[in-house]
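Asker: Have a look at this fold, sequence not included:
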């Protein structure tokens, strides 16, 4: 196992540059299409929390701060359902969808969760939100598999 300052098991971006670039492009397009950098970072942090990806958590917490997310909202994100006064209805819908898409072992994305998100996002935004959730899950899985150390970017 590597430490936070160690090296990854392998250099993914050099060994699979086409996959790396395609995923990066998809991630950038999804985030841009969503349009709200604060919402995007909340989604990215929440999925990374669920997937235990320290590398992505470190990156997206820093990005969230740069986007203006308060420390309190970052700290409470793991308990967003109980901290409802800290997240808008739209953010809550996005976080519920993030959890449902990320934890597919619990079954399919429930209709109620999807409909909740659809009430707050138009179809284009919803497509970008689902794409963003999907790409962060892929990044999380890659970084956890290769044990990408915190701060050890590509």
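Answerer: That came through fine. Since we're looking at a predicted model, the values are computed, not measured.
Asker: C-alpha only now, for contacts and for neighbours.
Answerer: OK.
Asker: how about low-confidence regions in the chain?
Answerer: 1-5, 152-154 (pLDDT under 70).
Asker: which helix in this structure runs the most residues?
Answerer: Longest helix in the chain by number of residues (criterion: DSSP state H): helix 123-145.
Asker: Centre of the chain to that one, how far?
Answerer: On the basis of Cα atoms, centre = their mean, to the nearest Å, helix 123-145 sits 6 Å off its chain's mean C-alpha point.
Asker: Only the buried residues of it, if you could.
Answerer: Neighbour-count burial for helix 123-145 flags 125-126, 128-137, 139-141, 143-144 (criterion: 16 or more other Cα atoms under 10 Å).
Asker: And stretch 44-61, by the same measure?
Answerer: 44-49, 51, 53-57, 59-61.
Asker: What is the neighbour count of residue 11?
Answerer: Per other Cα atoms under 10 Å, the neighbour tally for residue 11 reads 14.
Asker: Surely residue 61 touches residue 74?
Answerer: Yes. Residue 61 lies in contact with residue 74 (Cα atoms under 8 Å); the separation is 7.1 Å.
Asker: what's the helix or strand for residue 76?
Answerer: Following DSSP states H and E, one finds residue 76 within helix 71-76.
Asker: Can you list the neighbours in contact with that helix?
Answerer: Outside helix 71-76, the residues that touch it by Cα atoms under 8 Å, 6 or more residues apart in numbering are 42, 61, 64-65, 83, 86-87.
Asker: and the helix or strand just after that helix, what does it pack onto?
Answerer: Using DSSP H and E, the next helix or strand after helix 71-76 towards the C-terminus is helix 89-102. Secondary-structure packing of helix 89-102 (3 or more Cα pairs under 8 Å, 6 or more residues apart in numbering; DSSP states H and E): helix 37-50, helix 111-118, helix 123-145.
Asker: which residues sit against the first one?
Answerer: Contacts of helix 37-50 with the rest of the structure, by Cα under 8 Å, 6+ apart, involve 31, 34, 54, 56-57, 60-61, 63-64, 67-69, 74, 77-78, 91, 94-95, 98-99, 102, 132-133, 136-137, 140.
Asker: What is the nearest of the contacts of helix 71-76 to residue 108?
Answerer: Distance to residue 108, by Cα to Cα, is smallest for residue 42 among the contacts of helix 71-76, at 22.2 Å.
Asker: Next, give phi and psi for residue 120.
Answerer: phi -110, psi -10 (degrees, to the nearest 10).
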